[in-house]
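Chemist: Next one to model:
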Amino acid sequence: MFCCKSKAIPVVVKKEEVIDSDVTDGSLSHVGEAVYDVLRKKHGNHHHSLWNVTSAKMVGSLQQTPNKSFWTSTEDPPEGHADWFPERMCEIMSMTKKYCDFMSLGAPDGLFMDKMKEGLKNICENNSSASGEPVIVRFMFGNIIGLPINCNRVMKALTKDLPPGANIQVWVGAWRHGASWNHAKLIAVDGRYLHTGGHNVWSDIYIMDDPVHDLSLEMEGSVGHDAHMYANGQWDYIQNKQSSWIGQIAENIPDFIPLVAKSRVIVSEYPRGKASEFPPAYNPSVAPTYETPPGSVPVISVGRQGAMIANDRPADDALIAMIDASKTIIRMSQQDIGPICIPGTKIPLPGVSWPKPVLDALARAIWLRGVDVEIVLSNFGSRRGYTNGWTCVDVGSEIIKRIEKQFQNTLDSELRKKVEENLRICYIRHKKTDAYQSGEKIGNHTKFFMVDDVTSYTGSQNLYVSDLAEWGVIIDSAPRTKEMMEDYWNPMWNASYLDTDCDVQEVMDGLKIDRDGEETSDGKKLEEAGVAMAATQLPPRTEMYDKE
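Modeler: Just a heads-up that it's a prediction; the model follows:
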């Protein structure tokens, strides 16, 4: 069980369902079983590409920036407070012997760029005596509408200090399909080492003044293979699009020339004239063999590729299954639950709605099983892109509305009791303070939740509606979840929770408010909504991007 050898994991295929040989009786909790059941029955054709049951051990504790000491302080984080984070990313990259995948929303800047360059240089130095096949490194980013990444410029910056003749080949790629693009954040090394979570690689957001809160983790084990296999899907898409006749024409158009199209893919290779146009796909057989790390626990990797794949969104179904499996408590740390709005309003963008499947599952948990729901959100009015503009009361009302929608003849007194006893929502704070000394409200970019204190999700996927490509890990282990509680959740909750954030009467009064946006299939309106949504994800520095 939980094999970490570099070989394909045997799978028994039965019609459209699959049976993962890593799952045995009792190996998963009731939450893990629920996730596995929906994935194997509904998404068997995406096994090993968008989901898998595997194993790994956590390396250290959850990686939180700013660090946990600030939960009990009203002092602003000092200069250099989170320099350790890009430094650790560099260390993970530097362990590469054969194959490294790096994925993020946008190009690294500042110290993140410096450390990615250092990581590549270390790979060259560590493998200077190696002969045979070159070390493969793939960087994948999102092509945000209106600000496509300039892959050649990013490549030039990343490889500037590499020694000539080094035994390494590097590719930088970016894509979008309609209003979908890469949003996954991960580093995978040799099918063994994994770093993933919610952090982008932007210095101004995480390691400078007034940082936004975020969470990532590091693992060692065969879950690393899953991250590489997920990345393969996006590289396949780029190759297929670029190899088409339209792609051949677009290939000869410089990145800085505007190109308005439903799909846009870009790729750059290093060294020119030696590396092929597209990187070789990752195969577990290329990775060094290693034993299962001591302390490994069950892990379910879950991903989605957005509009790149029609209809199927395995990660969505997995997260809903987690909520539906709850028996006692759900704890969530999120940026927001409500949809992205027209700037300056509480009107959702056209075609963008509240996440009804998520709200329905939370409503069922509260109403049918008496499950407690605790949610920590970005402060209303925090910096651009790190709140969608909804209050805790708005979120609470929308959850209770879904009880009314799913269950007939609910009494006001019964709903009120559920809000009083089972629903707690607050803004993120440091020692009950909601802003930095500059007055900037504290933001939360974390995508993390726990169910029944036995299973957790950490990754790139927000719970609000946004059809991007995402990836994350469900760790199915009560001991590891307890550690996350003690290290992250309890200090954050104690620092943040005020019962006035989600006033019972305001929630009940809010049941009469229509917060839904316009439902539309109008292509122009949807395109405009996509541009507006993209504006919330623009990087703080734009030297590696072009205008479109």
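Chemist: residue ranges with poor pLDDT in this protein?
Modeler: Applying pLDDT under 70 to the chain picks out residues 1-16, 130, 244-262, 384, 520-537, 548.
Chemist: Just want the most central residue of it.
Modeler: Ser460 (0.5 Å; CA atoms, centre = their mean).
Chemist: Now do the same contact list for that one.
Modeler: His183, Ala184, Lys185, Leu186, Thr196, Gly197, Gly198, Lys447, Glu470, Trp471, Gly472 (CB atoms under 8 Å, 6 or more residues apart in numbering). All C-beta atoms are positioned from the backbone trio N, CA, C, and that covers glycine.
Chemist: any chance of the residues you listed in CSV, plus distance to Gln408 and neighbour count?
Modeler: Putting those into CSV (distance: CB to CB, whole Å; neighbours: other CB atoms under 10 Å) gives the following:
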residue, distance to Gln408, neighbour count
His183, 38, 28
Ala184, 40, 26
Lys185, 42, 24
Leu186, 44, 26
Thr196, 42, 25
Gly197, 41, 23
Gly198, 38, 25
Lys447, 34, 26
Glu470, 35, 26
Trp471, 39, 27
Gly472, 36, 28
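Chemist: May I have the phi/psi pair for the nearest residue to Gly106 once chain neighbours are set aside?
Modeler: Spatial nearest neighbour of Gly106, excluding adjacent residues (CB to CB, 6 or more residues apart in numbering): Pro539 at 4.4 Å. Phi and psi for Pro539, reported as degrees, to the nearest 10, are phi -70, psi 160.
Chemist: quick one: secondary structure of the closest residue to Gly44 other than its chain neighbours?
Modeler: With CB to CB, 6+ apart as the criterion, Gly44 has its nearest non-adjacent residue at 4.0 Å, and that residue is Val18. Of the three states, Val18 takes strand according to DSSP: H, G, I helix; E, B strand; the rest coil.
Chemist: Run a quick neighbour tally on Val18.
Modeler: For Val18, the count of nearby residues is 23 (other CB atoms under 10 Å).
Chemist: try Tyr488
Modeler: 23.
Chemist: That one is in contact with Trp71, isn't it?
Modeler: No. Tyr488 is not in contact with Trp71 according to CB atoms under 8 Å; the separation is 9.2 Å.
Chemist: And stretch 207-227, how far out from the chain middle?
Modeler: Here stretch 207-227 is found 9 Å from its chain centre; the criterion is CA atoms, centre = their mean, to the nearest Å.
Chemist: could I get that stretch in PDB with only the CA atoms?
Modeler: Extracted in PDB, the C-alpha atoms of stretch 207-227 (Å, rounded to 0.1, in the frame of the first residue of the first chain):
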ATOM      1  CA  ILE A 207       6.900  39.700   1.600                       C
ATOM      2  CA  MET A 208       6.600  43.500   1.500                       C
ATOM      3  CA  ASP A 209       4.400  45.900   3.500                       C
ATOM      4  CA  ASP A 210       0.800  45.000   4.400                       C
ATOM      5  CA  PRO A 211       1.000  41.300   3.200                       C
ATOM      6  CA  VAL A 212      -2.000  39.200   2.300                       C
ATOM      7  CA  HIS A 213      -2.400  36.000   4.300                       C
ATOM      8  CA  ASP A 214      -1.900  32.700   2.400                       C
ATOM      9  CA  LEU A 215      -1.100  29.100   3.000                       C
ATOM     10  CA  SER A 216       0.900  26.400   1.300                       C
ATOM     11  CA  LEU A 217       2.400  23.000   2.300                       C
ATOM     12  CA  GLU A 218       5.300  20.700   1.400                       C
ATOM     13  CA  MET A 219       5.100  17.000   1.000                       C
ATOM     14  CA  GLU A 220       7.300  14.100   0.100                       C
ATOM     15  CA  GLY A 221       6.000  11.000  -1.600                       C
ATOM     16  CA  SER A 222       4.200   9.600  -4.600                       C
ATOM     17  CA  VAL A 223       1.800  12.500  -4.700                       C
ATOM     18  CA  GLY A 224       4.600  14.300  -6.500                       C
ATOM     19  CA  HIS A 225       3.900  12.100  -9.600                       C
ATOM     20  CA  ASP A 226       0.300  13.300  -9.600                       C
ATOM     21  CA  ALA A 227       1.400  17.000  -9.800                       C
END
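Chemist: how about it: buried residues?
Modeler: Neighbour counts over stretch 207-227 (16 or more other CB atoms under 10 Å) mark 207-208, 210-227 as buried.
Chemist: now do stretch 471-479
Modeler: The neighbour-count criterion (16+ other CB under 10 Å) identifies Trp471, Gly472, Val473, Ile474, Ile475, Asp476, Ser477 as the buried residues of stretch 471-479.
Chemist: Please put the alpha-carbon coordinates of it into PDB.
Modeler: Taking C-alpha atoms only, stretch 471-479 is exported to PDB below (Å, rounded to 0.1, in the frame of the first residue of the first chain):
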ATOM      1  CA  TRP A 471      -5.000  21.700  -8.300                       C
ATOM      2  CA  GLY A 472      -4.700  20.700  -4.600                       C
ATOM      3  CA  VAL A 473      -4.400  17.900  -2.100                       C
ATOM      4  CA  ILE A 474      -6.900  16.400   0.300                       C
ATOM      5  CA  ILE A 475      -4.900  15.000   3.300                       C
ATOM      6  CA  ASP A 476      -7.000  12.300   4.900                       C
ATOM      7  CA  SER A 477      -5.300  11.900   8.300                       C
ATOM      8  CA  ALA A 478      -6.700  12.900  11.700                       C
ATOM      9  CA  PRO A 479      -3.200  13.300  13.300                       C
END
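Chemist: Give me the residues contacting it.
Modeler: The list of residues contacting stretch 471-479 from outside it, by CB under 8 Å, 6+ apart, reads 28-29, 31-32, 35, 56, 58, 103, 184, 186, 194, 196-197, 217, 219, 223, 227, 230, 297-304, 315, 318, 322, 447, 453-461, 481.
Chemist: No further questions, thank you.
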